[in-house]
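Engineer: Mind looking at a prediction? Sequence and model below.
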2 protein chains.
Amino acid sequence: MTEKKEKILQAALELFAQEGFKSTSTSKVAKRAGVSEGLIFRHFENKEGLLAAIIQEGEERAKMLFANIVLETEPMEVVRKTFEIAQMMRISKEAADFWKLQYKIKWELEQYGEHKMEPLQRALTDAFAKLGYESPHLEAQLLLISLDGLATRFYLQDDFDIDPVIKLLKSKYGI
Amino acid sequence: MTEKKEKILQAALELFAQEGFKSTSTSKVAKRAGVSEGLIFRHFENKEGLLAAIIQEGEERAKMLFANIVLETEPMEVVRKTFEIAQMMRISKEAADFWKLQYKIKWELEQYGEHKMEPLQRALTDAFAKLGYESPHLEAQLLLISLDGLATRFYLQDDFDIDPVIKLLKSKYGI
DNA sequence: TATCTTTGTAAGTGATTACTCACAAATGAC
DNA sequence: GTCATTTGTGAGTAATCACTTACAAAGATA
């Protein structure tokens, strides 16, 4: 991976997350990365290839993140660590950009990245089952759905105070 | 409102909801509406004006929808009717298009339409207070956030079975 | 050093974009 | 019927789009 190729990926991640995929031009990406526009096509073939590279890079990071949860055997810890992930978007600017891009892409290209969340959902289903919930699969779905909603507000509503809402939601799971 | 003007609004709603605002061209809208492209600019000045007209039309519809809830005094009925709204997107294709557009616009233009939901949130806060919840304001926020997450799945995940999840969520509020 | 491959650039390409403009048809008021 | 206004069209516009191409610089291998 050359230095300029990395610059392109970083610039594209920022711009796609800010302005969306379709409405970010390749010339803009090149300008922010400080390279010629042609270099984008040399490295990534076309604009979609650039997006694919960004998404793939992030999916590997997501896998690493979920691995920590999936291997957890203590059910309450599974739930607690799931909330931990939700709170992580607030830490690193790059992580926030990546997750924001995920949601933007969902709405822009209408492809729900179900598979990415599947291991987490299975771990949660298992945890809720162990905890004696009546419909563990539905409970797992509902928790992830609530976190989707939380992310929506977090990214789109400027003055949104996420912490007290997370705290309330946690309390409903006894955390 | 002339016939052709209405055709434009309808075509634009469909296309914006399907493909997004920025990546739907005015020529495409004109073609679907069966009018000349120039007529769009005659009636709406520019592309943003067309979007504004669509959104305004829908906001009035949303107000009417919420009015029924806001005037409700029985707190459990407020919560029940809120779920009723959530289930409405599944009925009419036009209503679905409108709400889908709302979410798409949120992510594309990053402007959260807070004000639109405010009367509903206040009614819910009031209801939860009457029902003796500890943090009625947060509870109202959390419920609306969960419904945001539900909408995300409903619109983006093809095989999503929304009914059992709504049923589970309802049960958590004693409905 | 000579040669081959990779990395990089600058100046293009035709297609599409939002939008304008000159003009015609329809409508309404008197 | 006449005139003014509104509604509508079709052929423009400059700017921008994703992408190509010809060619140069840099690195690696011998």
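Structural biologist: Yep, it's here.
Engineer: for chain A, longest helix please?
Structural biologist: helix A:47-70 (DSSP state H).
Engineer: Next one: whichever helix or strand comes after that one, is it in contact with chain B?
Structural biologist: Using DSSP states H and E, the next helix or strand after helix A:47-70 towards the C-terminus is helix A:75-88. No - taking Cβ under 8 Å from any Cβ of the partner chain as the criterion, helix A:75-88 and chain B are apart, separated by no less than 11.7 Å. Glycine gets a C-beta too; all of them are placed from N, C-alpha and C.
Engineer: Using CSV, write out every CA atom in helix A:75-88.
Structural biologist: The C-alpha coordinates for helix A:75-88 follow below in CSV (Å, rounded to 0.1, in the frame of the first residue of the first chain):
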residue,chain,number,x,y,z
PRO,A,75,-24.6,-13.7,29.0
MET,A,76,-24.8,-10.4,30.9
GLU,A,77,-21.3,-9.6,29.7
VAL,A,78,-22.5,-10.1,26.1
VAL,A,79,-25.2,-7.6,26.5
ARG,A,80,-22.9,-5.2,28.4
LYS,A,81,-20.2,-5.4,25.7
THR,A,82,-22.8,-4.8,23.0
PHE,A,83,-23.6,-1.4,24.6
GLU,A,84,-19.8,-0.8,24.8
ILE,A,85,-19.6,-1.0,21.0
ALA,A,86,-22.5,1.4,20.7
GLN,A,87,-20.6,3.9,22.8
MET,A,88,-17.5,3.5,20.8
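Engineer: Pull the distance from stretch A:95-113 to the chain's centre.
Structural biologist: 7 Å (Cα atoms, centre = their mean, to the nearest Å).
Engineer: How about it and chain B, any contact?
Structural biologist: Yes - shown here: stretch A:95-113 in contact with chain B (Cβ under 8 Å from any Cβ) through A:103-104, A:106-108, A:110-112.
Engineer: closest point of chain A to chain B, which residue?
Structural biologist: residue A:149 (3.1 Å; Cβ to the nearest Cβ).
Engineer: Now for that residue, how many residues are close by?
Structural biologist: 25 (other Cβ atoms under 10 Å in any protein chain shown).
Engineer: what's the spacing between it and residue A:17?
Structural biologist: 19 Å (Cβ to Cβ, to the nearest Å).
Engineer: For the closest residue to residue A:143 other than its chain neighbours, what is the enclosing helix or strand?
Structural biologist: Spatial nearest neighbour of residue A:143, excluding adjacent residues (Cβ to Cβ, 6 or more residues apart in numbering or on different chains): residue A:124 at 6.2 Å. Assessed by DSSP H and E, residue A:124 sits inside helix A:114-130.
Engineer: What angle do helix A:75-88 and that helix make with each other?
Structural biologist: 140 degrees (axes from the mean of the first three to the mean of the last three Cα atoms, to 10 degrees).
Engineer: residues near residue A:85, how many?
Structural biologist: 16.
Engineer: correction: residue A:148
Structural biologist: Counted with other Cβ under 10 Å, residue A:148 comes out at 22.
Engineer: what about it, which SS state?
Structural biologist: Classification of residue A:148 using DSSP: H, G, I helix; E, B strand; the rest coil returns helix.
Engineer: what's near enough to touch the nearest residue to it once chain neighbours are set aside?
Structural biologist: The shortest distance from residue A:148 to any non-neighbouring residue, by Cβ to Cβ, 6+ apart, is to residue B:149 (3.8 Å). For residue B:149, the contacting residues are A:144-150, A:152, by Cβ atoms under 8 Å, 6 or more residues apart in numbering or on different chains.
Engineer: If any of those are buried, put those into a PyMOL selection.
Structural biologist: In PyMOL, this line selects whichever of the contacts of residue B:149 come out buried by 16 or more other Cβ atoms under 10 Å in any protein chain shown:
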select buried, chain A and resi 144+145+146+147+148+149+150+152
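Engineer: Between which two of the contacts of residue B:149 is the distance greatest?
Structural biologist: A:144 and A:152 (12.9 Å; Cβ to Cβ).
Engineer: quick one: what helix or strand has residue A:152 in it?
Structural biologist: helix A:136-156.
Engineer: go on, residue A:167?
Structural biologist: helix A:162-172.
Engineer: CA atoms of that helix as CSV?
Structural biologist: The C-alpha trace of helix A:162-172 is given here as CSV (Å, rounded to 0.1, in the frame of the first residue of the first chain):
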residue,chain,number,x,y,z
ILE,A,162,-26.9,10.1,23.8
ASP,A,163,-25.6,9.2,27.2
PRO,A,164,-28.8,9.4,29.3
VAL,A,165,-30.8,7.5,26.7
ILE,A,166,-28.2,4.7,26.6
LYS,A,167,-28.3,4.6,30.4
LEU,A,168,-32.0,4.2,30.4
LEU,A,169,-31.9,1.5,27.8
LYS,A,170,-29.2,-0.3,29.7
SER,A,171,-31.3,-0.2,32.9
LYS,A,172,-34.0,-2.0,31.1
